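Asks: Fold the following, please.
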Amino acid sequence: MRTITRRSLLLSSAAAMAAPAIVRADAWPNKPIRFIVPFGPGGSTDISMRILAPKLNEMLGQPCIVENRAGAGGVVGTDQVTKSAPDGYTLGHCTVSQVVIAPALYERLPFAPEKDLTAIAPTVFVPMCLSVTRKGLKVNSLQDLIAEMKANPGKLSYASNGIGATSHLAGANLLRLTGCQAEHVPYRSGAEAIQALVNGDVQWAFDVPVLHGPHHRDGNLRILMASPDRQPLIPDVPDPTEAGLPEFKAYSWFGIFGPAGLPQPVVTKLSTVMAEVLADAAIAKRLNDNGLPPMLQYATPAKFEQFIGQERVFWPPIVRASGARVQ
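Replies: Now for the predicted structure:
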């Protein structure tokens, strides 16, 4: 007959206590999952999440509900994610703005991204482009624009879709690298900023190729540069190196985040599933058609964390150089 020692009894008890936690993590998901988009409907963050959600439904076997929680440049919705239960049923589709830029931009944040968010998976990369108005400005290249700004310090203005937005910081970075001066004019949305550019109310602006491309083709705007490289939606536009400013970069990116303390099995499972979703040919085509290429190169949690770490070195100096600060 087998002798039961005190040690084996303790080990058995510990295993029994651990088993339910393992089963609960392995059973995820067993109910609907909320994906909070911290912006209103219709923007790139919302569009990309709604492209991904149906395939996630199919692969996870549970409804994936996209919920818009806009406010304070994405801070309101992201804060809701950080304060949710760490069970994998409330997640966020956040951007570089909330995860990296916000701590350098806001005097007070209700959360600390590095300790209050769990990075799960990247979703899409967001290239940008620099455009100029065709009204009252005879500029055909980036070098022409730089020369115009140097000849008229502070006389030209550039639009963005808000203080501290990547479109603002891209403009601030251009000024920082070239030693030029220009007035920043923030608008409430990218649509308003583009209309101001078309009208000639401002002289230049950064935004995404899917928004500027049609105006470029119609002759209302001229796109001078695509970043960080040439883009399929605007194939005739040079990248920063070709335009004569190789050190310049402007872009954004989105990813799936959860609150701190999210169980590792949930992180691993969702990261693996998201990589499969992004690799799906039909999904990739829809994303690319919207100028939002999948970020498969950082598809594991470890690679995503490493990438975010690099971003935390890149963006804060640009925020400081811009002088932007939100109370």
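Asks: List the buried residues for the strand or helix carrying Glu114?
Replies: Using DSSP states H and E, Glu114 maps to helix 113-116. Of the residues in helix 113-116, those with enough neighbours to count as buried (16 or more other Cβ atoms under 10 Å) are Pro113, Asp116. Every residue, glycine included, has its C-beta placed from N, CA and C.
Asks: contact partners of that helix?
Replies: The contact list for helix 113-116, computed with Cβ atoms under 8 Å, 6 or more residues apart in numbering, reads Thr78, Thr82, Gln98, Val99, Val100, Ala102, Pro103, Pro259, Ala260, Arg312.
Asks: try 7 Å
Replies: In this structure, residues lying in contact with helix 113-116 by Cβ atoms under 7 Å, 6 or more residues apart in numbering are Thr82, Gln98, Val99, Ala102, Pro103, Pro259, Ala260.
Asks: and it, how far out from the chain's middle?
Replies: 16 Å (Cα atoms, centre = their mean, to the nearest Å).
Asks: what are the ranges of the strands in the stretch 1-150 of the chain?
Replies: In chain order, the stretch 1-150 of the chain shows strands spanning 33-37, 64-68, 90-95, 117-133, with DSSP state E, counting those that start in this stretch as the criterion.
Asks: Mean neighbour count, the ones you listed: which tops it?
Replies: With neighbours taken as mean count of other Cβ atoms under 10 Å, the strands of the stretch 1-150 of the chain reach their highest mean count in strand 90-95, at a mean of 26.
Asks: Okay, now the sheet partners of that strand, with direction.
Replies: Using DSSP bridges, strand 90-95 pairs in its sheet with strand 33-37 (parallel), strand 251-259 (antiparallel).
Asks: Give me the average confidence score over the helix holding Glu114.
Replies: Mean pLDDT, computed over helix 113-116, is 98.
Asks: Which helix or strand in this structure has the lowest average pLDDT?
Replies: For the chain, scoring each helix and strand by mean pLDDT, DSSP states H and E identifies helix 6-26 as the least confident one, at a mean of 45.
Asks: returning to that earlier point: restricting to C-alpha, output the helix holding Glu114 in CSV.
Replies: The C-alpha coordinates for helix 113-116 follow below in CSV (Å, rounded to 0.1, in the frame of the first residue of the first chain):
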residue,chain,number,x,y,z
PRO,A,113,0.6,53.5,-19.0
GLU,A,114,3.8,51.6,-18.1
LYS,A,115,2.3,50.1,-14.9
ASP,A,116,-1.4,50.3,-15.5
